[in-house]
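Participant: no FASTA, just this:
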């Protein structure tokens with residue numbers, strides 16, 4: 001079965017967050033399920049530079065304001081379609097933001113072009129390739145089923161995955177014509193959303209199936225409280241909405257073979273973590289103290305991620321003899337707050353403002369515990385990496401965090417299944433108590449090592465989730481055929 005994946009980012013070609021990791025790992029995970037996945041991604045400079053054996057598959061005289069070519073080839077170990085359109089994608093840096101950290105003003109057209117190309121591939125306009133199903137990721141792929149519908153064409157079924165409902169892709173209705181959509185598309189039963197064009201809304205409405213990245217998050221967003229304006233629509237989709245947990249690329253994230261960490265180790269040889277902890281403390285200029293509880297953070301610094309709770313908790317952590325290492329960027333106030341606190345206690349707190357893949361691995365390998373106090377979290381990958389590396393995750397009880405971490409309550413500890421610490425409600429009082437509880441657990445070495453081993457022995461790979469995606473693809477295609485929708489190849 002051939003599946004076309006449509007995404008704005010994919011690891012290792014371009015990455016700003018977990019979406020790239022998912023889009024990059026899923027194709028390989030699906031091979032065992034006899035699914036051939038090819039990825040359509042914008043032709044950013046880094047993507048085009050990595051493209052090998054490129055062949056022109058399709059040309060556009062005018063695609064959203066300029067000429068474009070669809071190139072087919074291999075890049076980063078993936079089978080790729082890259083949409084080369086210099087007027088849309090020939091920009092260095094972040095794929096969504098300019099140097100000032102503001103959305104590119106033409107983002108609507110940039111990702112409408114991506115969706116248009118995906119629809120054309122689905123309609124068989126690329127010679128020798130026609131997918132059985134299209135799998136789009138987030139709002140950037142939301143218009144794929146709209147183009148198929150308003151073309152009045154017989155395309156393949158479409159599955160939409162929501163990685164974060166907070167990002168919805170809303171653009172002025174004046175862009176409708178430039179996007180190549182007819183006037184009659186701008187209705188509540190089309191792409192209209194509170195007077196704007198709603199790309200994610202369109203995708204949710206028109207997709208054959210809608211998935212999100214954890215079962216708990218699927219339940220949370222199909223409500224007024226968690227739906228961010230789309231709860232009613234998601235609830236109305238009923239059985240078409242399903243949560244499938246993300247997995248981890250366990251070839252990239254493997255403490256026994258990771259070239260980015262100081263010393264390899266395993267669940268059976270946890271002593272190897274000590275060298276990684278010492279190296280991490282040295283890397284951040286902290287005092288080398290083997291017995292100090294070392295907390296780690298690898299995250300965007302935003303209110304959604306709950307990092308303001310951590311900033312407020314730092315005096316308490318220092319009083320309790322703990323250390324903190326943090327890598328991330330985001331809200332300017334949070335960046336300044338962590339930098340300032342690091343300056344006051346440089347031997348106890350270390351911060352790197354920015355994105356650093358190497359440090360991300362080293363923190364997982366050297367920190368005793370990893371903090372993820374998110375106010376909402378569709379799935380999260382950092383806690384899966386923490387489990388894999390024996391950095392005990394301390395997480396808010398929400399979304400995929402609730403689905404992947406087993407709280408170290410007395411019964412779970414006695415039963416030998418606990419893997420981390422959960423807290424709720426998501427407020428300062430609960431978070432502070434979770435930190436205190438984590439330090440108490442850390443002081444009991446037998447319990448702590450059991451938590452580490454339990455986490456490292458947890459299957460966080462893509463195996464089970466890839467099986468679920470493959471079943472979903474086949475079921476979706478079968479239902480499309482039985483409903484009379486013309487099948488693809």
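Facilitator: Structure's in. What do you need? Please read all numbers here as calculations on a predicted model, not as lab measurements.

Participant: show me the contact partners of the one helix or strand residue 314 maps to.
Facilitator: Under the criterion of DSSP states H and E, residue 314 resides in helix 307-319. Helix 307-319 is touched from outside by 295, 297, 299, 301, 324, 328, 330-331, 334, 337-338, 341, 345, 348-349, 371, 373, 426-428, 431-432, 435-436, with contacts defined as Cβ atoms under 8 Å, 6 or more residues apart in numbering. For the C-beta atoms, the positions are set from N, CA and C on the backbone; glycine is no exception.

Participant: could you do stretch 402-410 as well?
Facilitator: Outside stretch 402-410, the residues that touch it by Cβ under 8 Å, 6+ apart are 214-216, 245, 379-380, 383-384, 387, 393, 395, 397, 412, 417-422, 437, 441, 447, 451, 454, 460.

Participant: of the residues you listed, buried ones?
Facilitator: 214-216, 245, 379-380, 383-384, 387, 393, 395, 397, 412, 418-422, 437, 441, 451, 454, 460 (16 or more other Cβ atoms under 10 Å).

Participant: inside strands: which ones of the residues you listed?
Facilitator: Using DSSP state E, the members of the buried ones among the contacts of stretch 402-410 that fall in strands are 393, 395, 421-422.

Participant: beta partners for residue 103?
Facilitator: Here residue 103 sits in beta bridges with residue 97, going by DSSP bridges.

Participant: tell me how many other residues surround it.
Facilitator: Using other Cβ atoms under 10 Å, residue 103 is surrounded by 11 other residues.

Participant: so it touches residue 97, yeah?
Facilitator: Yes. Using Cβ atoms under 8 Å, residue 103 is in contact with residue 97, at 6.1 Å.

Participant: nearest residue to residue 110 in space, please, no chain neighbours.
Facilitator: Of all residues not flanking residue 110 in the chain, residue 88 sits nearest, at 4.6 Å (Cβ to Cβ, 6 or more residues apart in numbering).

Participant: residue 292 too?
Facilitator: Using Cβ to Cβ, 6+ apart, the closest residue to residue 292 is residue 323 (5.1 Å).

Participant: show me what contacts that neighbour?
Facilitator: With Cβ under 8 Å, 6+ apart, residue 323 has these contacts: 281, 286-287, 289, 292-295, 348-350.

Participant: could I get the average pLDDT for the helix holding residue 314?
Facilitator: Average pLDDT, helix 307-319: 97.

Participant: for that helix, which positions count as buried?
Facilitator: 307-311, 313-314, 317-318.

Participant: which member of these is positioned nearest residue 45?
Facilitator: residue 307 (31.1 Å; Cβ to Cβ).

Participant: what's the separation between that closest one and residue 371?
Facilitator: Residue 307 sits 9 Å away from residue 371, going by Cβ to Cβ, to the nearest Å.

Participant: any shared contact partners between those two?
Facilitator: Joint contacts of residue 307 and residue 371 (Cβ under 8 Å, 6+ apart) are residue 297.

Participant: what about the helices in the stretch 1-150 of the chain?
Facilitator: 18-29, 45-50, 86-89, 107-122, 144-150 (DSSP state H, counting those that start in this stretch).

Participant: take those and lay them out in CSV including mean neighbour count and mean pLDDT.
Facilitator: Shown next, in CSV, are those (neighbours: other Cβ atoms under 10 Å; pLDDT from 0 to 100):
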stretch, mean neighbour count, mean pLDDT
helix 18-29, 23, 95
helix 45-50, 17, 97
helix 86-89, 19, 98
helix 107-122, 25, 98
helix 144-150, 24, 97
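
Participant: export those helices as TSV, with columns for distance to residue 56.
Facilitator: Shown next, in TSV, are the helices of the stretch 1-150 of the chain (distance: least, Cβ to Cβ, whole Å):
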stretch	distance to residue 56
helix 18-29	22
helix 45-50	13
helix 86-89	15
helix 107-122	13
helix 144-150	21
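
Participant: the helix or strand residue 481 falls within to helix 18-29, inter-axis angle?
Facilitator: If you go by DSSP H and E, residue 481 is part of helix 463-482. Angle, helix 463-482 to helix 18-29, by axes from the mean of the first three to the mean of the last three Cα atoms, to 10 degrees: 80 degrees.

Participant: now do the phi/psi pair for the closest residue to residue 68 other than its chain neighbours.
Facilitator: Closest residue to residue 68 apart from its sequence neighbours, by Cβ to Cβ, 6+ apart: residue 85 at 3.7 Å. For residue 85, the backbone dihedrals (degrees, to the nearest 10) come out as phi -150, psi 90.

Participant: list the contacts for residue 85?
Facilitator: Taking Cβ under 8 Å, 6+ apart, one finds 42-43, 60, 63-64, 66-69, 113 in contact with residue 85.

Participant: rerun at 7 Å
Facilitator: Residues in contact with residue 85 (Cβ atoms under 7 Å, 6 or more residues apart in numbering) are 43, 63, 66, 68, 113.

Participant: in strands, which of the residues you listed fall?
Facilitator: residue 68.

Participant: how about the contacts of residue 85, which pair is most distant?
Facilitator: Most distant of the contacts of residue 85, by Cβ to Cβ, are 43 and 66, 12.3 Å apart.

Participant: looking at these two, which is more packed in?
Facilitator: Just comparing residue 43 and residue 66: by other Cβ under 10 Å the higher neighbour count belongs to residue 43, 24 against 14.

Participant: residue contacts, the more buried one?
Facilitator: Here residue 43 is in contact with 71, 82-85, 89 (criterion: Cβ under 7 Å, 6+ apart).

Participant: so what's it closest to, chain neighbours aside?
Facilitator: residue 84 (3.9 Å).

Participant: next one: residue 277
Facilitator: Closest to residue 277 by Cβ to Cβ, 6+ apart is residue 366, at 4.4 Å.

Participant: what does residue 122 give?
Facilitator: residue 155 (4.3 Å).

Participant: got a list of what the residue nearest to residue 277 touches?
Facilitator: So residue 366 contacts 276-277, 279-280 (Cβ under 7 Å, 6+ apart).

Participant: need the phi and psi values for it.
Facilitator: Phi and psi for residue 366, reported as degrees, to the nearest 10, are phi -110, psi -20.

Participant: same thing with residue 305?
Facilitator: phi -80, psi 0.

Participant: quick check: ChimeraX command selecting the buried ones in the contacts of helix 307-319.
Facilitator: In ChimeraX, a selection of the buried entries from the contacts of helix 307-319 looks like this (16+ other Cβ under 10 Å):
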select :295,297,299,301,324,328,330,331,334,337,338,341,345,348,349,371,373,426,431,432,435
